[in-house]
Each structure stands twice: as C-alpha cells, then as structure tokens.
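Engineer: Quick one, structure for this:
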Amino acid sequence: MQIATKHEKFTEPLYLESGRILEPYELVYETYGELNHDKSNVIVICHALTGSHHAAGRYEGERKAGWWDDIIGDGKAVDTEKYFVICVNVIGSCFGSTGPLSPKNPSAEPYRLKFPVITISDMVRAQIKLFDRLGIRRAEAVIGGSMGGMQALCFAIEHPRFAARHIILASTYATQPWAIAFNKVAREAIIQDPSFQNGNYDSKTIKKEGFSGLSIGRMGGHISYLSPSSMYDKFGRIYDEKDGLYDLFGKFQVEKYLDYNSQNFVTWFDPLSYLYITKAINIFDAMRNYDSLEDSFSRIVSKITLISFKADMLFLPSEMKHIEETMLKIGKADLTYYEEIDSDYGHDAFLVEIPKFEQIIMKALEN
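Structural biologist: The predicted structure follows:
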C-alpha cells in the first residue's frame, strides 16, 4: 500500500458558522493507494475526536499503525488496490492542521483561546476546499465513526452530490445530553486545573510533567467509550497484589488501567484542542440550520449506510435508528440501510471489533 502524508496551506478565508474567519489555515492529510486518471476512485475517511489523519499503514520506525489499519489497506474492506483513500486532520486538532496552538496571523503567537469556535460543518467545509484544490469533485464514499460519522452526515446533507455513499458508524444525528454531560466533566477538569493558566500553558512542560485536568477528563471520556460488560470482561474485580486491600490508595486493575491510559494521553494530545473539538461535538445537530430533521434529510441524495453497536452508551443505537426511521418517513427507503451490531464492547467497538462489520462496509462499497 502506498502511503503519504501531505500539507496544504490556504491563504483564502474559511468562513465559519460562527461568523468568524480563519485565514490563513493549513490542513494535513494522508493518502493511501493510487488516484486513477479521472480521479473517480476516491474514498474519504473522517476521524473521531482524538484521531488524526494517520488512519492506516505504518511508517518506518513507527511502533503502532494508523488507527483504522484493520479496515484500510490492500485487500481489506476499504481496498487500497482499488481505491484512493484520503483522511484529513480536522481544523482545531493538534496533529498539524490549524488549531488553537497555531500562530495567529500576522504574529507568531499562537491563537490559544482566541481561536474561533468551530463546528463539524466547518471541519467538512475545510475538507471540501482541499478536495477542490486537489481536483477531486466526486468520491465513491465518505466513511466515519463517532465524530467522523457526524462529518459523514454533514457531507451527505450539506454537500449532497460530493459522494455516492456515506457510511456512518457509532454516531448520531444530534449530540444528546448524556454525551454532552460526559464532555462537561472533561472540559471542567481541564479548565479548573491551575496548570491550564487560562490557556497559556507551555505544551512542552505539560507533556513532561503531566496535566491532571486533561488526564481526569480522559478518564471520564474513556469510561463512556466502553460498556459495563466490556469493563468486567477486561478487568473483573482484580485488585493489585502489591496494594493492601485496606490501603486507602490501593487500586483495582481497572483503576490502574485508567491511570495509565489518561496519563499517557497527555503526552500526545493537547488540552485546548480537546476543548475546541468537544465544543464542536456538543454543538452538532443535523437539524440546527433547518426547519426539522425531515427538512435536513430531504437534501440527501446519496446512499446512507448506518451501523450502530448494541452496547454503545455514548451514541445509543436508538439515535442511529432514528436516522433510518426519518429517512424512511420522507420516502428515502431505497437510499437507506441500517444494521445494529451485536456487540458488548461499547462505543469503541467501531475501532476494535472490525470482523463484526467489515463485510457490511465491503458490501456497501460494492453496491
């Protein structure tokens, strides 16, 4: 599989939903496979909250492959021998695209809290500008899970003729109070941490010394990505043998796991990006700029494949089912396919239980 990371800088303004303007801005993206002569074999992959453009493959010296490597590659569900796959790091992220720690033109000082609030629609609009520059006018499919699924739905509604199919996993039509509440805990943990310094922290220092607010926020978020049964299967009630049961600060294995995962998170993700992207997720509502969900979905002309996961506690299967029901209600049954995967893993099943749904993706792309 051919893999390449590329940068594209834009000097023209990106007009945001808030009324603010982002200018200039940069997008980092990764490509896999080869673009055919008429640029008709494109598949767009959209990443989730803490994901990046590095969706698949492995560069020399890399310990870990891209986050959806089991899906994307030669002979895999998203076959890079057939398709040219592209994944763009969203604006607001901390992996190279313009975000809160990028320099605020014309100075070299970072935006920090002066960075504008962005929405999922803004993320998608920036990607469309990139595709226009690359001469990509049409894609075979846009695929994404969680926040990536929100982007895929935005593509379908706001840029309806860009892709022939949109495949949405473990996502929603509008972020519900349960998910917003989890994000609130994480956001407050970050903001209330003295190390945050009103957004003026030194990123190198916190990577070395830690940032408890982001760590605690990650704990809350990570719990929402799993399920009670997957937690039990993974950890049970195993207690750390080194700690006495009646030691006040002794830990169960699940506690040690959350400690490790959350502390490691600080070394590779940025607190301000976490705040801005969770804000975009909280704002997301497919009917916000329309009279109703039916009015919003009436703009969809592509095929929509919806995949939910039984034990997903963050974006419930009923939310995905509601998308299907609304499409049926407005006479778009021929465009809609929905399947609930029997999974006890939780929200992150779309990242780890690939064998349970890869055939659905393959069949959708074949059709």
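Engineer: gap between residue 111 and residue 103?
Structural biologist: Distance, residue 111 to residue 103, using Cβ to Cβ, to the nearest Å: 8 Å. The C-beta positions use only the backbone N, C-alpha and C, and glycine is treated the same way.
Engineer: Same question for residue 298.
Structural biologist: 42 Å.
Engineer: And the two? Which one has more around it.
Structural biologist: Counted by other Cβ atoms under 10 Å, residue 298 and residue 103 do not tie: residue 298 has more neighbours, with 18 against 12.
Engineer: got a pLDDT number for the more buried one?
Structural biologist: pLDDT, residue 298: 98.
Engineer: Likewise for residue 244?
Structural biologist: 85.
Engineer: Over to residue 367?
Structural biologist: Per-residue pLDDT puts residue 367 at 80.
Engineer: residue closest to the middle of this structure?
Structural biologist: residue 48 (1.0 Å; Cα atoms, centre = their mean).
Engineer: roughly how far apart are that one and residue 295?
Structural biologist: Residue 48 is 27 Å from residue 295, by Cβ to Cβ.
Engineer: And residue 171, by the same measure?
Structural biologist: Residue 171 sits 20 Å away from residue 295, taking Cβ to Cβ as the criterion.
Engineer: Who has more neighbours out of these two?
Structural biologist: residue 171 (30 against 12).
Engineer: I'd assumed residue 145 was in contact with that one.
Structural biologist: Yes: counting by Cβ atoms under 8 Å, residue 145 is a contact partner of residue 171 at 6.6 Å.
Engineer: Return the mean pLDDT over stretch 327-338, rounded to an integer.
Structural biologist: pLDDT averaged over stretch 327-338 gives 98.
Engineer: and if you look at stretch 116-123?
Structural biologist: 98.
Engineer: What are the buried residues along that stretch?
Structural biologist: Buried residues in stretch 116-123, counted by 16 or more other Cβ atoms under 10 Å: 116, 118-123.
Engineer: what about it, start to end distance?
Structural biologist: 12 Å (Cα to Cα, to the nearest Å).
Engineer: now the strands for this structure?
Structural biologist: Secondary structure of the chain (DSSP state E): strands at 3-10, 14-15, 21-22, 25-32, 42-46, 72-73, 78-79, 84-88, 139-145, 163-169, 303-309, 336-341.
Engineer: contacting residues around the residue lying closest to residue 78 once chain neighbours are set aside?
Structural biologist: Once flanking residues are discounted, residue 78 sits nearest to residue 72: 4.6 Å by Cβ to Cβ, 6 or more residues apart in numbering. Counting by Cβ atoms under 8 Å, 6 or more residues apart in numbering, residue 72 touches 32, 45, 55-57, 66, 78, 80, 85.
Engineer: If anything else comes up later, I'll come back, but that's it for now.
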